[in-house]
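K.L.:
Give me a 3D structure for the following:
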Amino acid sequence: MTDDPGRDLSRLLTASASGDQDSFAALYDATAPRVLGLVLRVLRDRAQAEEVTQEVFLQVWRTAGSFDSSRGSALGWLLTLAHRRAVDRVRSVVAQSRRDVAYESQSVTTPFDSTAEIAEGRLEATEVHVALGALTATQRSAVELAFFDGLTHSEVSERLGVPLGTAKTRIRDGLRRMRNELGGAR
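P.N.:
Residues are numbered from 1 along each chain as shown. Take a look at the predicted model:
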């Protein structure tokens, strides 16, 4: 090593570009603490900083041939690579966080409120029972058999002992009267 550390780093970087592993190891030993320090200041997370530092040195190994000593120092080139890589990581983390928040906000389902549905159902049931009370006895029995017991028109006719047409008429008239009692067409 010479008295000029910048020149030494330039030589190590140039030798690394030609595949000299010992030169690369010496370059790493000489610069890794500064690279890690810079990356850590940007990321503020040691684990991520160590990972990014590793990525920087992998990039240095692969692209050392692109270093031009006439454009700046070896250390400046390394620190520029490190800073860019660290900023890219911050941007990536922020973008991922935004995507996660957007996904979460879109995928959250509102819990079902069964209480409101139960209350509404009870209110409607009460209204139906009141409307049933307004029917004649013959209409009420035909409607109850058809809708509450689930019988067909033919079965209602048999059960009531009336002709099929009469059963249908009682059911139809009973439903009309109930609709009127319930406030018209719903």
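K.L.:
what's the pLDDT at L123?
P.N.:
pLDDT for L123: 80.
K.L.:
who touches L182 in this structure?
P.N.:
Applying Cβ atoms under 8 Å, 6 or more residues apart in numbering, we find L182 in contact with 127-128, 131. In this view, the C-beta of every residue, glycine as well, is placed from N, C-alpha and C.
K.L.:
ugh, wrong one, V87
P.N.:
Contacts were defined as Cβ under 8 Å, 6+ apart; by that measure V87 touches V42.
K.L.:
how close does it get to A25?
P.N.:
27 Å (Cβ to Cβ, to the nearest Å).
K.L.:
Can you tell me the SS state at E117?
P.N.:
helix (DSSP: H, G, I helix; E, B strand; the rest coil).
K.L.:
in the lengthiest helix in the chain, what counts as buried?
P.N.:
For the chain, the longest helix by residue count, based on DSSP state H, is helix 74-107. Buried residues in helix 74-107, counting neighbours by 16 or more other Cβ atoms under 10 Å, are found at 74-75, 77-79, 81-83, 85-86, 89.
K.L.:
For the contacts of L182, please prepare a markdown table with the additional fields pLDDT.
P.N.:
Below are the contacts of L182 laid out as a markdown table (pLDDT from 0 to 100):
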| residue | pLDDT |
| --- | --- |
| E127 | 84 |
| V128 | 83 |
| A131 | 83 |
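K.L.:
all helices in the chain, in order from the N-terminus.
P.N.:
Along the chain, the segments classed as helices by DSSP H run 5-17, 21-43, 46-63, 74-107, 114-133, 137-143, 153-160, 164-181.
K.L.:
worst average pLDDT in these?
P.N.:
helix 114-133 (a mean of 80).
K.L.:
For that helix, which helices and strands make contact with it?
P.N.:
With contacts defined as 3 or more Cβ pairs under 8 Å, 6 or more residues apart in numbering; DSSP states H and E, helix 114-133 has these neighbours: helix 164-181.
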